[in-house]
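> Give me a 3D structure for the following:
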Amino acid sequence: MPKLLPVISLHTGNFSNFLQGPGGTCVELDTPEWFDYLRKNKSFSVELNGKRFTACKKTSINNFAYWNLKGWDGKINHHIYIGKSDQTTNEKIQQAAIAMFYRCNPKLA
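Residues are numbered from 1 along each chain as shown. You can find the predicted model right below:
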């Protein structure tokens, strides 16, 4: 069975400010606990209007951690840069999720 990733649920006009995970885990974004979560973990999900995307931590050739949002449109895997770990804020996640939503649903654009 696949691992259930903690998720940030975004709905147009009603953006959540919490990462919710299995077992009642709840982390408020843009807090010290959030940046601690990013430091210790490798992934989480972002859901926007029924589409779920995966945020993954990568390491650059300069050895700094950054976050990337991945989405699938049925043919192509898309990737959008969110930012370095200390820049992965609620606002940046919202921007990346909205951009990914339209990349994966080109008929809506």
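> most residues in a single helix of the protein, which one?
If you go by DSSP state H, the chain has its longest helix at helix 90-104.
> list the buried ones in that helix?
Buried positions in helix 90-104, judged by neighbour count with 16 or more other CB atoms under 10 Å: 90, 92-94, 96-98, 100-101, 103-104. From N, CA and C alone the C-beta is placed, and that goes for glycine too.
> Repeat that for stretch 26-37.
Of the residues in stretch 26-37, those buried under the neighbour-count criterion (16+ other CB under 10 Å) are 27, 29, 34-35, 37.
> These in helices, which ones?
Counting by DSSP H, those contribute 34-35, 37 to helices.
> between these, which is closest to Asn62?
Phe35 (19.8 Å; CB to CB).
> Ser85 is in contact with the closest one, correct?
Yes - taking CB atoms under 8 Å as the definition, Phe35 is a contact partner of Ser85 at 6.9 Å.
> overlap in contacts of the two?
In terms of CB atoms under 8 Å, 6 or more residues apart in numbering, Phe35 and Ser85 are not both contacted by any residue.
> nearest spatial neighbour of Thr88, skipping sequence neighbours?
Setting aside the residues directly before and after it, Thr88 is nearest to Trp67 in space (CB to CB, 6 or more residues apart in numbering), at 4.7 Å.
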